[in-house]
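Asker: A predicted structure for the sequence below; I have some questions about it.
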Amino acid sequence: MNMKMRALCLAGASLLTLGPIVAAHAQDEIQREAVIHGMRSGYSSVNISPDGSKIVYVAASKGDDSLAMVADLKTGEQRQVAFTDGTPFRLRWCDWATNRRILCNLYGVTNKTRNGDWASYTKYVAFDENGKDFVDLERKSRAGFVWDQTWGGTILAWPQDDTILIHRFQLPENHGGPTRNTNENYGYVVESVDLNTGKSKKEESPDLNAVDYLADEAGVVRIKGEQKEDNKAEYYSRVDYSYRPQGSRDWKPFSSVVDDQGLMPIAFAENENAVYAFDRTTGRYALYKVSLDGSLSKELLLSDSEVDVDGLMMLGRRGRVIGAAYQGATEQRIYFDKELEAITKRLQVLLPGNPSVRLVSATEDERKLIFEATSAHDTGRYFFFDRDSNQVKLIMSANPVHKGITMGEVRPVSYKAGDGTDIPAYLTLPPGVASAKGLPALVMPHGGPSARDTYGYDWLAQYFAARGFAVLQPNFRGSTGFGSAFEGKNGFREWRKAIGDINDGGRWLLTQGVSADKLGIFGWSYGGYAALQTSVVDPDLYKVIVAVAPVVDFEMLANDWGRGNRGTRKYAGLQDDPKGGSPLGHVAKIKAPVLLVSGDADLNVDIRHTKEMAKALKRAGKKVDTIVYEGLDHQLPDSDARMDMLVKSDKWIRDALGLPDKP
């Protein structure tokens, strides 16, 4: 270890004096909690320039407005360099291409399409540090409709200062919609794009089957993943990977991945003729290094006996791999770069509360670093560290409205499912409360179903904890991260296991002292499906239901996602029990009052699900209400809408459970 590390010190003053994040003014205590937890993260995507003199970051403003800001780290001077108002775009991230040039990624949804349907839309833009010389990097099409280019592509490398290597889709110049039978020159391409002019140069010719590429540190494409449709409809579950030997343009077989089984190349190892790859050989994802010298020999780098190793830690725009991460009860980070590990551990001890510390950005020489420190009680703080002076300074808090707020305690817990399986979960309690005994409670199943809850700040759980609820977030079977056996076929196809595990979580809360008449369920996406289906299976368990963007019918879901294709139908559970697993056909069994929430521009779960469920519940004489947010997608990425949803959901739950407005 560098001996200077012993002098690591935390400077007292923040590097920046930030203006206030725009927020709705809290009229009363109820709205105050909605403002605190419903506001989108105030500051994010904090990246340092290659020379270390400036940072660029994204700031949330009112509604779903976003700003790109540049700050001088020496003078503290700040300026706005870009603005989006969410119609249709919002800023997702910004980073430095050079000390002068900034690249940003935008996302939005729009109905200005060929057929008038809602579609997602991503693209990249570049501009100078003063916001001038703006260049839209969108690939242009003569057809002119947004539908023609809804995916902006994936950046593979930054081979030169002002150039990116990008993987994106090329459409025919004159088309009426792509088909697989056309002979026109279209498909997935790799292009180098000049960030000053937007001009592109073809590096890989169009290939309709090539859905994945990887480039090495020199910007040379050496890995390709292809999905080839066949009469078994394996197009949606199989990827065949090929690689190029060093100095060759010829493709050689690397691996085949079917239903997530097989070597999945993720990133190149720096200065080595090898790639990092994940594989589930033992039933859980492990990280390997695979040689590309022709032998394809693989070295096991990291595995865990309980959970999947499923993340790489990468530094800088070059994406240098510095370690790997996995989620047990809390996140574990294993560093390959021991010097950076030492810095991180020293910083973690130095900061109050012993937070989780993550390296997020670095200068070109990696002497100046940006760290993010987070915990289950803190949405995050960003710190600047100079390796030469060993001085640490606070840059900003991710969400200033959380300043001085005491969050609820988050505990990793587990309980037994009906068949004896251990189900991991997180229990969030109101601030200052030691147990769930005597509290009203909510079970909060996660979305997905190919997802999981992790240890950290959760705005929904913390809001309801602040309102006096105990909140249980179960990682039911069907959740990812715990191995292939635990995940099974997924939470749709094996809905009985997943729903059973969630209901067992509700019953576990009763054993912790929660009153049976004060138990509700709140879910979003797959969680919204679970909130409804759990009450079909056990109508007496929950006394109130809030379902946000819920799936209500498997047939409808398959038609929405895949126009009925066999791969999507398999995923949605249509080979198992489509009728029994769809709450829409069993509304007569639901006893609890139901609040349905959706955005009318939801591309993941069409709003028809919410509308059809509301109509069916009303016909059955059930108590139901619906909230629809115009122009918002699946995530409801608007602070005003989120705050409104929190207040109305809280009132719906309290009215159903007979609770007073104040906890």
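Answerer: Perfect, I can see it now.
Asker: okay, CA-based contacts and neighbour counts for the rest of this
Answerer: OK.
Asker: quick one: contacts of stretch 202-221?
Answerer: Stretch 202-221 is contacted from outside by 156-159, 165, 167, 169-170, 185-192, 222-228, 266-271, 318, using Cα atoms under 8 Å, 6 or more residues apart in numbering.
Asker: Now with 6 Å, please.
Answerer: Stretch 202-221 has contacts (Cα atoms under 6 Å, 6 or more residues apart in numbering) with 156-157, 159, 186-191, 222-228, 268.
Asker: quick one: contacts for the spatially most central residue of the chain?
Answerer: Centroid-nearest residue in the chain, with Cα atoms, centre = their mean: Ala451, separated by 9.5 Å. Ala451 makes contact with Ser479, Thr480 under the criterion Cα under 6 Å, 6+ apart.
Asker: what about Tyr124, which SS state?
Answerer: In three-state terms, and counting by DSSP: H, G, I helix; E, B strand; the rest coil, Tyr124 is strand.
Asker: got a pLDDT number for it?
Answerer: Tyr124 is assigned 93 on the pLDDT scale.
Asker: What is the burial count for it?
Answerer: 22 (other Cα atoms under 10 Å).
Asker: correct me, but it touches Asn105?
Answerer: Yes: contact criterion Cα atoms under 6 Å: Tyr124 and Asn105 qualify, at 4.6 Å.
Asker: for the protein, longest helix please?
Answerer: helix 639-657 (DSSP state H).
Asker: From Lys623, how far off is the residue nearest to Pro445 when sequence neighbours are not counted?
Answerer: Nearest residue to Pro445, sequence neighbours excluded (Cα to Cα, 6 or more residues apart in numbering): Gly527, at 4.8 Å. Going from Gly527 to Lys623 by Cα to Cα, to the nearest Å gives 20 Å.
Asker: cool, and Leu557?
Answerer: Distance from Leu557 to Lys623, by Cα to Cα: 25 Å.
Asker: Mind checking which of the two has more residues around it?
Answerer: Neighbours per residue, other Cα under 10 Å: of Leu557 and Lys623, the larger number sits with Leu557, 23 against 14.
Asker: can you confirm that one is in a helix?
Answerer: Yes: per three-state DSSP, Leu557 lies within a helix segment.
Asker: Name the residues that touch stretch 491-510?
Answerer: Contacts for stretch 491-510 (Cα under 6 Å, 6+ apart): Ala417, Pro449, Phe476, Arg477, Gly478, Thr534, Ala572, Gly573.
Asker: residue contacts, the fifth one?
Answerer: This means Gly478. Going by Cα under 6 Å, 6+ apart, Gly478 touches Glu487, Gly488, Asn490, Gly491.
Asker: at 10 Å what do you get?
Answerer: Residues near Gly478 by Cα atoms under 10 Å, 6 or more residues apart in numbering: 448-452, 484-495, 497-499, 501.
Asker: Among those residues, name the buried ones.
Answerer: Among those, those buried by neighbour count (16 or more other Cα atoms under 10 Å) are 448-452, 484, 486-495, 497-499, 501.
Asker: Packing partners of the longest helix of the chain?
Answerer: Under the contact definition 3 or more Cα pairs under 10 Å, 6 or more residues apart in numbering; DSSP states H and E, helix 639-657 sits against helix 29-38, helix 459-466, strand 519-524, strand 545-548, strand 594-599, strand 624-629.
Asker: what's the spacing between that helix and its chain's center?
Answerer: Here helix 639-657 is found 24 Å from its chain centre; the criterion is Cα atoms, centre = their mean, to the nearest Å.
Asker: Stretch 399-412 now?
Answerer: The answer for stretch 399-412 is 21 Å, by Cα atoms, centre = their mean.
Asker: Any buried residues in it, and which?
Answerer: So stretch 399-412, judged by 16+ other Cα under 10 Å, has buried residues Asn399, Pro400, Val401, His402, Met407, Gly408, Glu409, Val410, Arg411, Pro412.
Asker: can you check stretch 39-56 too?
Answerer: Buried residues in stretch 39-56, defined by neighbour count with 16+ other Cα under 10 Å: 39-50, 52, 54-56.
Asker: Can you tell me which of these is closest to Ala325?
Answerer: Ser45 (19.8 Å; Cα to Cα).
Asker: Dump the contacts of stretch 491-510 into JSON lines; add secondary structure as well.
Answerer: Below are the contacts of stretch 491-510 laid out as JSON lines (three-state DSSP):
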{"residue": "Ala417", "secondary structure": "coil"}
{"residue": "Pro449", "secondary structure": "coil"}
{"residue": "Phe476", "secondary structure": "coil"}
{"residue": "Arg477", "secondary structure": "strand"}
{"residue": "Gly478", "secondary structure": "coil"}
{"residue": "Thr534", "secondary structure": "helix"}
{"residue": "Ala572", "secondary structure": "coil"}
{"residue": "Gly573", "secondary structure": "coil"}
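Asker: Could you pull out the strands in the stretch 251-400 of the chain for me?
Answerer: All strands of the stretch 251-400 of the chain, identified by DSSP state E, counting those that start in this stretch, fall at 252-258, 264-268, 274-279, 286-291, 298-302, 309-315, 320-327, 331-335, 356-362, 368-375, 378-386, 391-397.
Asker: what's the closest of those to Leu595?
Answerer: Here strand 378-386 is closest among the strands of the stretch 251-400 of the chain (Cα to Cα), at 28.2 Å.
Asker: relative to helix 459-466, how tilted is the closest one?
Answerer: 120 degrees (axes from the mean of the first three to the mean of the last three Cα atoms, to 10 degrees).
Asker: Report all helices and strands that strand 378-386 contacts.
Answerer: Partner elements for strand 378-386 (3+ Cα pairs under 10 Å, 6+ apart): strand 9-10, strand 43-48, helix 338-350, strand 356-362, strand 368-375, strand 391-397.
Asker: any idea how far the closest residue to His446 other than its chain neighbours is from Val307?
Answerer: Computed as Cα to Cα, 6+ apart, the closest residue to His446 that is not its neighbour in sequence is Gly527, at 4.9 Å. With distances taken as Cα to Cα, Gly527 is found 22 Å from Val307.
Asker: what about those two, which has more around it?
Answerer: With neighbours defined as other Cα under 10 Å, Gly527 and Val307 compare such that Gly527 has more, 26 against 21.
Asker: what angle do whichever strand or helix holds Gly527 and strand 594-599 make?
Answerer: According to DSSP states H and E, Gly527 maps onto helix 526-537. Angle between the axes of helix 526-537 and strand 594-599 is 160 degrees (criterion: the same axes, to 10 degrees).
Asker: CA atoms only: put helix 526-537 into PDB for me.
Answerer: Coordinates of each C-alpha in helix 526-537 appear next as PDB, following Å, rounded to 0.1, in the frame of the first residue of the first chain:
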ATOM      1  CA  TYR A 526     -44.700  -7.900 -12.000                       C
ATOM      2  CA  GLY A 527     -45.200  -6.800  -8.400                       C
ATOM      3  CA  GLY A 528     -48.500  -5.300  -9.500                       C
ATOM      4  CA  TYR A 529     -49.400  -8.700 -11.000                       C
ATOM      5  CA  ALA A 530     -48.400 -10.400  -7.800                       C
ATOM      6  CA  ALA A 531     -50.500  -7.900  -5.700                       C
ATOM      7  CA  LEU A 532     -53.600  -9.000  -7.600                       C
ATOM      8  CA  GLN A 533     -52.800 -12.800  -8.000                       C
ATOM      9  CA  THR A 534     -51.900 -13.200  -4.300                       C
ATOM     10  CA  SER A 535     -55.400 -12.100  -3.400                       C
ATOM     11  CA  VAL A 536     -56.800 -14.500  -6.000                       C
ATOM     12  CA  VAL A 537     -55.000 -17.400  -4.300                       C
END
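Asker: Which other helices and strands does it contact?
Answerer: Helix 526-537 packs on helix 495-511, strand 519-524, strand 545-548, strand 594-599, going by 3+ Cα pairs under 10 Å, 6+ apart.
Asker: Need the mean per-residue confidence for the second one.
Answerer: Summarised as a single mean, pLDDT over strand 519-524 is 98.
Asker: So which other helices or strands are in contact with it?
Answerer: Here strand 519-524 touches strand 441-443, strand 470-474, helix 495-511, helix 526-537, strand 545-548, strand 594-599, helix 639-657, going by 3+ Cα pairs under 10 Å, 6+ apart.
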